[in-house]
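Undergrad: missing the sequence, but the structure's below:
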């Protein structure tokens, strides 16, 4: 149990670090839509949303303003906004309030993973079934289940035409068989045109008992016994 908890801890840490890597610049890229928030206190995902909605209003009352909210740690939040304008507006307004005790946000900056699809894929690639709470995902302002989000926003594996699919299966099976038999060696088979082996009388005599050797001789490839 302790080993499993230790493993989960490092998985969460690696995932959190991956969210922030490459996001140290103060300026947002033109099409950036995802921010990472460093918090001064532990919050649940719902609590963080309450803070975000209380202190920030999207430009032009744009709704929905965000579609992905995730706290991989209770002091780290990731939000994907539905437009670059909403993302920039939140960054500017929240940065002006950073440090205020009631806000609870220490810093915020552009995240490494950008866009709803990329953030969902990033979570799926690193998460384990018990690692951390699943992100909140919204579609047209309505929260949907994580399973619905994955089915809706992650591209499924390409479906090959029937003939190509069969060929792909056979290729994979062939590669699997060849890889599993790399350490096996087989004798080289004789070709069908190989001439028959010729046996001399001495060769055959080696194969029979000493008592019969005086009574046997070879004619036209046959052993003849004269008793």
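TA: Right, received. Where do you want to start? Keep in mind that what you see is a predicted model, and the values were worked out from it rather than measured. Numbers count the residues shown, from 1 in each chain.
Undergrad: what's the next secondary structure element after the longest strand anywhere in the chain?
TA: What stands out as the longest strand in the chain, according to DSSP state E, is strand 66-73. Next along the chain after strand 66-73, taking DSSP states H and E as the criterion, comes strand 76-81.
Undergrad: That following strand: partners in the sheet, and parallel or antiparallel?
TA: Each strand that pairs with strand 76-81, with its direction, by DSSP bridges: strand 34-39 (antiparallel), strand 66-73 (antiparallel).
Undergrad: For the longest strand of the chain, which outside residues touch it?
TA: Residues from elsewhere that reach strand 66-73, judged by C-beta atoms under 8 Å, 6 or more residues apart in numbering: 12, 15-16, 19, 34, 43-45, 48-49, 52, 77-82, 86, 116, 119-120, 123, 132-133, 135-139. Quick note: C-beta positions are derived from backbone N, CA and C, even for glycine.
Undergrad: mind listing the strands for this protein?
TA: Using DSSP E, the strands found in the chain span residues 34-39, 66-73, 76-81, 105-110, 136-139, 142-144, 216-219, 222-225.
Undergrad: pLDDT on the third one, on average?
TA: Per-residue pLDDT values across strand 76-81 average out to 96.
Undergrad: what does the second one give?
TA: Averaging pLDDT along strand 66-73 yields 92.
Undergrad: Which positions in that strand come out as buried?
TA: 66-72 (16 or more other C-beta atoms under 10 Å).
Undergrad: Got the domain ranges for the chain?
TA: For the chain, automatic domain parsing gives the domain ranges 2-153, 197-227.
Undergrad: Now the weakest link among the ones you listed, please, by mean pLDDT.
TA: The bottom spot among the domains of the chain, by mean pLDDT, belongs to domain 197-227, with a mean of 58.
Undergrad: ok, residue 59 - how many residues close by?
TA: By other C-beta atoms under 10 Å, 14 other residues sit near residue 59.
Undergrad: ok, what's across the strand from residue 73?
TA: With DSSP bridges as the criterion, residue 73 is bridged to residue 76.
Undergrad: wait, I meant residue 38
TA: Residue 38 has these beta-bridge partners by DSSP bridges: residue 76, residue 107.
Undergrad: got a list of what it touches?
TA: By C-beta under 8 Å, 6+ apart, the neighbours of residue 38 are 75-76, 105-108.
Undergrad: Quick one: the strands paired with strand 76-81 as CSV, columns for distance to residue 93 too.
TA: What follows is the strands paired with strand 76-81, written out as CSV (distance: least, C-beta to C-beta, whole Å):
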stretch, distance to residue 93
strand 34-39, 12
strand 66-73, 14
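Undergrad: Can you check which of those gets nearest to residue 153?
TA: When the strands paired with strand 76-81 are compared by C-beta to C-beta, strand 66-73 sits nearest residue 153, at 9.0 Å.
Undergrad: gap between the residue nearest to residue 65 when sequence neighbours are not counted and residue 155?
TA: Nearest residue to residue 65, sequence neighbours excluded (C-beta to C-beta, 6 or more residues apart in numbering): residue 58, at 3.7 Å. Distance, residue 58 to residue 155, using C-beta to C-beta, to the nearest Å: 28 Å.
Undergrad: can you check residue 146 too?
TA: 17 Å.
Undergrad: got it, and residue 104?
TA: In terms of C-beta to C-beta, residue 104 sits 36 Å off from residue 155.
Undergrad: Does residue 149 touch residue 137 like I think?
TA: Yes - counting by C-beta atoms under 8 Å, residue 149 does reach residue 137; the two are 3.9 Å apart.
Undergrad: and residue 146 and residue 155? which has more neighbours close in?
TA: Using other C-beta under 10 Å, the more surrounded residue of residue 146 and residue 155 is residue 146, with 15 against 7.
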